[in-house]
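whatever this is, show me its structure:
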Amino acid sequence: MSEVKRKRARAAKDIPPSILEQLNKGEIETANLVEWLAVNQITLLENLLKDFNRTKYLKPILTDIQNLKKQTVNTINEAIGTGILKQSILNNDKEIVSVISKHKSDLVRCWSAYIIGKNEKLVIEEILEQIQFLAADKHFGVREISWLAVRSSIMNNLDKSLEILSKWALNEDENIRRFATEAIRPRGVWCEHISELKQKPELALKILDSLKSDSSKYVQDSVGNWLNDASKTRPDFVKDLCEKWKMESPTKETAYIIKKALRTIEK
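Okay, the predicted model is just below:
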């Protein structure tokens, strides 16, 4: 799940106790999904708040976690990030927000994404501007949470978001280009669908066209998955666009995207 260089555990039981202890203290990043799921976020939160003399924030955040209808890694992640946001506002505490956004623990930086995404004082331009550094994070997990944290804001401000993300699609950083499509996938993964894009995928055409022959496989996969999503409600759009791209862009990159895009249609 990340670029950390060490032997990757295949199951939680395979994680050395010393590594798990460091993860729960926020001293190192997770090396893969197994480690990411094994981290005790409550223990990590306790250690963070103790380290930065913010233990008074713990009880209200734990109450929010206890009140969750369903406790999963993602819902706890969101509850902690949102809880820290609340406490930072109540205590006029900008320092803790800054500390979290630059923390060495990837899970702590994930909380930072929700601090941005759940801040009702921010307009969509500010939300996307502030989330961009997390969209470019070196850790895959942080990059995933970054778009999940702001997806509802994107959905509620779709036209403006598409305008902004069309510029992101031209960014030098492949992670930022990938965010431009992944954050607006019509169906997405572990998230609410964007009904407007399911019915009118052409709204994202400027972004898709910019990435139709992207050099990054990371981006290519996202574009192909985006179109595969769209093919389930608008197969006509996807087929027509792929035919157009075959003529306009006869590259191996475009061919790879088209193959992924048509995989449901051609079943």
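
what about the residue nearest to the spatial centre of the chain, which helix or strand?
By C-alpha atoms, centre = their mean, the chain has its centre lying nearest to residue 144, at 2.5 Å. Assessed by DSSP states H and E, residue 144 sits inside helix 140-156.

which parts of that helix are buried?
By neighbour count on 16 or more other C-beta atoms under 10 Å, the buried set for helix 140-156 is 140-151, 153-155. Where you see a C-beta, it was placed from the backbone N, CA and C, and this is true even at glycine.

what do you get for stretch 43-58?
44, 45, 46, 47, 48, 49, 54, 57, 58.

so how far is residue 36 from the fifth one?
Spelled out, it's residue 48. Look at residue 48 and residue 36: by C-beta to C-beta, to the nearest Å, they are 17 Å apart.

quick one: low-confidence parts of the stretch 1-150 of the chain?
1-5 (pLDDT under 70).

ok, 80 please
Residue ranges of the stretch 1-150 of the chain with pLDDT under 80: 1-7.

residue 136: neighbour count?
Counted with other C-beta atoms under 10 Å, residues neighbouring residue 136 total 17.

list the contacts for the closest residue to residue 37 other than its chain neighbours?
Counting by C-beta to C-beta, 6 or more residues apart in numbering, residue 37 lies nearest to residue 73, which is 5.9 Å off, once chain neighbours are set aside. Residue 73 makes contacts with 36, 37, 41, as judged by C-beta atoms under 8 Å, 6 or more residues apart in numbering.

quick one, phi/psi of residue 73?
The phi/psi pair for residue 73 (degrees, to the nearest 10) reads phi -60, psi -40.

now do the strands in this structure.
Assigned by DSSP state E, the chain shows no strands.

and the closest residue to residue 159 other than its chain neighbours, how many neighbours?
Nearest residue to residue 159, sequence neighbours excluded (C-beta to C-beta, 6+ apart): residue 203, at 8.0 Å. Number of residues near residue 203 (other C-beta under 10 Å) recorded here: 15.

residue 32 now?
For residue 32, using other C-beta under 10 Å, the count is 18.

hang on, residue 109 packs against residue 135?
No: with contact defined as C-beta atoms under 8 Å, residue 109 does not reach residue 135; the gap is 11.7 Å.

relative to residue 174, how far out is the closest residue to residue 221 other than its chain neighbours?
Nearest non-adjacent residue to residue 221, counting by C-beta to C-beta, 6+ apart: residue 260, 6.8 Å away. To residue 174, residue 260 is 17 Å away according to C-beta to C-beta.

can you check residue 202 too?
Residue 202 sits 25 Å away from residue 174, taking C-beta to C-beta as the criterion.

more neighbours, those two?
Higher neighbour count among residue 202 and residue 174: residue 174, with 17 against 14, using other C-beta under 10 Å.

what's the burial count for the residue nearest to that one when sequence neighbours are not counted?
Of all residues not flanking residue 174 in the chain, residue 216 sits nearest, at 3.9 Å (C-beta to C-beta, 6+ apart). Other residues near residue 216 come to 16 when the count uses other C-beta under 10 Å.

same question, residue 248
A count of neighbours around residue 248, defined by other C-beta under 10 Å, yields 12.

how about the one 3 residues further on?
One way to gauge burial is a neighbour count; for residue 251, by other C-beta under 10 Å, it gives 14.
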